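>>> Provide a 3D model corresponding to the input given below.
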Amino acid sequence: MLKKTFETTNDWTLLLARLTLGAVMFPHGAQKVLGWFGGYGLAGTAGFMTQKLGIPAPLAYLNFAAEFLGAILLGFGLLGRLSALGIGVSMAVAAVLVHGSNGFFMNWTGTQTGEGYEFHLLAIALSALIAIKGSGALSVDRWIAGRLSVNRTQPHSAHSAPGLQQA
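Okay, here's the model as predicted:
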């Protein structure tokens, strides 16, 4: 099971998908955690999510981890499946709880009461792709999977341990 977590192909399309998702989600996470890009920071966002939306605090902090840490991990291709799953769930919850009542379209003209959920569908689709297929080319996950394969194919005996010589 551990190997399946990291296993991925040398697919450059997956690299593009994970870098795009990570790059788009990082500012959203940084708004929530650091207060960057016009965000309210950890305390302000946590207060909004727990008091106004009624989300339990542990789930709000999981959202912050998914959007901020998940985006960073996607950049490296480390724990890509888990990071993508977290982002996908976060986007699905946001689409339903916050943006669903605003309709499909983003608020391009400023005439809607809020943003629609079209962005969320794109993020969910990219998340699903990465969660199913893995991190792809140039990923730490691919390197770890390769190391796990090498370790499983080597014989496990005292004679094959590093530093021991056969008589």
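
>>> quick one: contacts for the most centrally placed residue in the chain?
Ranked by distance to the mean C-alpha position of the chain (CA atoms, centre = their mean), the top residue is residue 83 at 2.8 Å. Contact analysis of residue 83 by CB atoms under 8 Å, 6 or more residues apart in numbering lists 66, 69, 70, 71, 73, 74, 130. All C-beta atoms are positioned from the backbone trio N, CA, C, and that covers glycine.

>>> what's the closest of those residues to residue 31?
Of all these, residue 71 has the smallest distance to residue 31: 11.5 Å, by CB to CB.

>>> how near is the closest one to residue 8?
18 Å (CB to CB, to the nearest Å).

>>> relative to residue 69, how far out is the residue nearest to the centre of the chain?
From residue 83 across to residue 69, the span is 8 Å (CB to CB).

>>> what does residue 95 give?
Distance from residue 95 to residue 69, by CB to CB: 21 Å.

>>> and the two? Which one has more around it.
Applying other CB atoms under 10 Å to residue 95 and residue 69 shows that residue 95 carries more neighbours, namely 19 against 16.

>>> what's the pLDDT at the more buried one?
You'll see residue 95 listed with a pLDDT of 93.

>>> please begin residue numbering at 27 from this point
That works, and once the first residue is 27, the last one we named lands at residue 121.

>>> contacts only, for it.
143, 146, 147, 150.

>>> could you do residue 127 as well?
So residue 127 contacts residue 140 (CB under 8 Å, 6+ apart).

>>> distance from the chain centre to the helix or strand harbouring residue 109, please.
In this assignment (DSSP states H and E), residue 109 forms part of helix 106-120. Its chain's C-alpha centre lies 6 Å from the corresponding centre of helix 106-120 when counted by CA atoms, centre = their mean, to the nearest Å.

>>> tell me the first helix or strand C-terminal of that helix.
Next element after helix 106-120 (DSSP H and E): helix 144-159.

>>> what about the next helix or strand after that following helix, average pLDDT?
The C-terminal neighbour of helix 144-159 among helices and strands, as given by DSSP H and E, is helix 166-179. Averaged across helix 166-179, the pLDDT comes to 86.

>>> all set now, cheers.
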